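Undergrad: Structure, please.
(one chain, ligands or ions: 1)
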Amino acid sequence: MDGLATSLQKRAKQAGIELDKDQIGKFLLFLQELQEWNRKVNLTAINDDEEILVKHFIDSLFCLLGVPSKIYQKIRKIIDIGSGAGFPGIPLKIYQPRFELTLLEATRKKVEFIRYISGKLGFERSLEVIHGRAEEYGRNGEYREKYDLAVSRAVSNLAILAEYCLPFVKIGGIFISQKGREIKGELQKAGKAIEVLGGRINKIIPYKLSLRGEELERNLVVMDKVEKTPEDYPRRTGVVVKRPIR
Ligand code: SAM
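TA: Residues are numbered from 1 along each chain as shown. So this is what the prediction gives:
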């Protein structure tokens, strides 16, 4: 485990993030439990330790690059939509324990894992795990327009994501979508949806992950929530995917 601890610390530092001993310990515990559960239930396709460090942990932490420094201190409530095995939400919570985190996930076995790991990491009191769909919870008054920051990785294309995620963000808050290398076409197609749902593109931030000599290109799409989301959105489960706003 020592080698992994050093690798994680070094890689985080290269991304501009300092991790202390306690945070490293939490990441290693997360890694160990993820690997153990993954042998029994399929949580993630990646099962190599170093690859998990880079493609899950470090990649999740890169989300922080998208938060403008002038609002960082004010961020308290975060929602991760389609969190899967906890990405990017749990790494963000390990890094910044002050965050009050909601993980929303539609698949039961993944929900069971994130509930378990949240307890193991001692986050029960400031981490809520919801088993459900964005289309339902985005209409629920307890969650709608209540978050300073929404994040989402590898869930859908931007037009659909805007409808899943923007309803949760309060005016003045932001939505960060973690994307791969190619985003131009997606961005063009999502313009109308973002506008209709009360968002506005703030910036696109390209970044790179490096793994065994390979450079992996990624992008953060950062949107501001500038207006209230109209009450008709999000539409029902199924409709959002079948008829994206164009
Ligand atoms: N964000 C994680 C990551 O990057 O490792 C998981 C990505 S996985 C490919 C997509 C996840 O989104 C799945 O676990 C799926 O169940 C969840 N999901 C898809 N649509 C959803 C929706 N409408 N509401 C809630 N979760 C959703």
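Undergrad: Just the residues contacting stretch 105-113, thanks.
TA: Here stretch 105-113 makes contact (CB atoms under 8 Å, 6 or more residues apart in numbering) with 33-34, 37, 41, 43, 82-86, 114, 129-133. For glycine as for every other residue, the C-beta is placed from the backbone atoms N, C-alpha and C.
Undergrad: Same check on stretch 128-147?
TA: 77-79, 81-82, 101-106, 108, 111, 114-115, 118, 163-165, 167-171, 173, 225, 228-229, 233-237, 240.
Undergrad: wait, which of the contacts of stretch 105-113 is closest to residue 191?
TA: Nearest to residue 191 out of these is residue 82 (CB to CB; 22.0 Å).
Undergrad: Hmm, residue 165 and that closest one touching each other?
TA: No. The criterion here is CB atoms under 8 Å, and residue 82 misses it with residue 165 at 9.1 Å.
Undergrad: Those two: which is more packed in?
TA: Using other CB atoms under 10 Å, the more surrounded residue of residue 82 and residue 165 is residue 165, with 31 against 22.
Undergrad: Contact partners for the more buried one?
TA: Counting by CB under 8 Å, 6+ apart, residue 165 makes contact with 79, 81, 134, 150, 152, 175, 177.
Undergrad: so the fifth one bridges to which residues?
TA: When you say that, I think you mean residue 152. residue 177 (DSSP bridges).
Undergrad: Test my guess that it contacts residue 164.
TA: Yes. In terms of CB under 8 Å, residue 152 counts as a neighbour of residue 164; the distance is 7.1 Å.
Undergrad: continuing past the longest helix seen in the chain, what's the next helix or strand?
TA: Longest helix in the chain, counting residues (DSSP state H): helix 21-40. On the C-terminal side of helix 21-40, the nearest following helix or strand under DSSP states H and E is helix 49-52.
Undergrad: continuing past that following helix, what's the next helix or strand?
TA: Following helix 49-52 in sequence order, the next helix or strand is helix 59-61 (DSSP H and E).
Undergrad: coming back round to it: now list whatever residues contact both of residue 152 and residue 164.
TA: Taking CB under 8 Å, 6+ apart as the contact rule, residue 152 and residue 164 both touch 81, 82.
Undergrad: how close does residue 242 get to the ligand?
TA: According to CB to the nearest ligand atom, to the nearest Å, residue 242 stands 13 Å off from the ligand.
Undergrad: Thank you kindly, that will do.
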